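1. would you be able to build a 3D model of this:
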Amino acid sequence: MTLPAYPEIEECLEKLNLPSGYKSGVRTTVLMVRPLLYYLPRGIPQYTDHGVLHSQNLLRLLCNFVNNWAGTAFANEEKYLLSIAVWLHDIGCLLGREKHNENSVKLLEHPRFSFIDNLLDGDLRSCLKYIIVSHSSDYKLKNIPKIPVHQDVRLKLACATFRSIDGCDITDARTKPILYDILKTYSLLEKDSIEIWECHLSTIGAVFQGNDINITYRKGKRKEARLLTDHLREDLKKLNRIFKKYGMSFRIRLRPSEY
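-> Residues are numbered from 1 along each chain as shown. Take a look at the predicted model:
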């Protein structure tokens with residue numbers, strides 16, 4: 001089974017070099033969850049995209065991250081879990097923004113998600129839950145077990161990796177100027193939300209390159225980009241404590257675009 005309708009997903013699966021069985025598992029997840037992601041804005045009307053666009057962006061960032069740190073040699077099981085988490089981590093937004101990471105794990109127990117039982121054994125399923133619940137910056141990383149849950153999964157590294165790529169998806173790909181203009185015109189966005197949307201619209205892309213996370217912002221929009229990256233910069237201080245154990249660490253570099 002392949003996903004000819006979604007060539008960008010197939011391209012990422014090839015770059016991750018997953019075994020065929022794991023590729024099939026990711027494709028199954030996409031087919032089952034993608035239709036649901038279109039409805040997430042119902043629970044978080046003030047926020048930028050947490051649905052299909054966000055998940056596709058994260059898959060690209062995951063490929064970038066894994067290939068950037070090829071020397072770390074991510075195990076197939078780690079890449080598999082991260083690829084599945086891309087599509088499941090925000091489904092809790094259907095129930096609202098508050099504690100959406102916990103609600104995402106809760107929803108995995110719904111009968112509609114029983115397909116996951118065929119994709120992951122018990123230990124891998126437990127790892128997936130930790131990756132999902134820990135993607136929120138409010139989640140304390142010390143709660144992630146130090147004792148291996150699965151022999152082929154470095155759980156703290158997997159959780160830190162996912163949280164970092166999720167935090168890096170802060171670009172204009174999650175917003176659309178036409179939608180923003182309409183929502184703002186009809187006073188459908190609160191003041192804080194307007195600032196968030198405008199900051200997202202000020203940034204163009206994020207790329208992992210060596211120890212740098214290069215974030216490109218629109219010409220003249222450094223202040224807005226800085227506001228958006230301050231939170232990520234603070235969270236990276238905590239994540240780097242984990243990354244350094246594997247010879248990795250990251251810093252944010254803001255770079256202006258030519259337009």
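2. next one: stretch 148-165 to chain centre, how far?
-> Its chain's average C-alpha position is 14 Å from that of stretch 148-165, according to Cα atoms, centre = their mean, to the nearest Å.
3. alpha carbons only: can I get it in CSV?
-> Extracted in CSV, the C-alpha atoms of stretch 148-165 (Å, rounded to 0.1, in the frame of the first residue of the first chain):
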residue,chain,number,x,y,z
PRO,A,148,13.8,1.7,29.0
VAL,A,149,10.2,1.0,28.1
HIS,A,150,11.3,-0.7,24.9
GLN,A,151,14.8,-2.0,24.2
ASP,A,152,15.1,-0.2,20.8
VAL,A,153,13.7,3.2,21.9
ARG,A,154,15.6,5.9,23.7
LEU,A,155,12.4,7.4,25.1
LYS,A,156,13.8,10.6,26.5
LEU,A,157,15.5,11.3,23.2
ALA,A,158,12.4,10.5,21.2
CYS,A,159,10.3,12.8,23.4
ALA,A,160,12.8,15.7,23.2
THR,A,161,13.0,15.2,19.4
PHE,A,162,9.3,15.4,18.9
ARG,A,163,8.8,18.4,21.2
SER,A,164,11.6,20.3,19.4
ILE,A,165,10.2,19.7,15.9
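4. neighbouring contacts of that stretch?
-> If you take Cβ atoms under 8 Å, 6 or more residues apart in numbering as the criterion, stretch 148-165 is touched by 58, 61-62, 65, 72, 74-78, 81-82, 85, 89, 123-124, 126-127, 130-131, 134-135, 137, 141, 144-146, 235-236, 239, 242-243, 245-246, 250. C-beta coordinates here come from the backbone N, C-alpha and C atoms, glycine included.
5. show me which of those are buried.
-> Buried members of those, scored by 16 or more other Cβ atoms under 10 Å, are 58, 61-62, 65, 72, 74-75, 77-78, 81-82, 85, 89, 124, 126-127, 130-131, 134-135, 137, 141, 144, 235-236, 239, 242-243, 246, 250.
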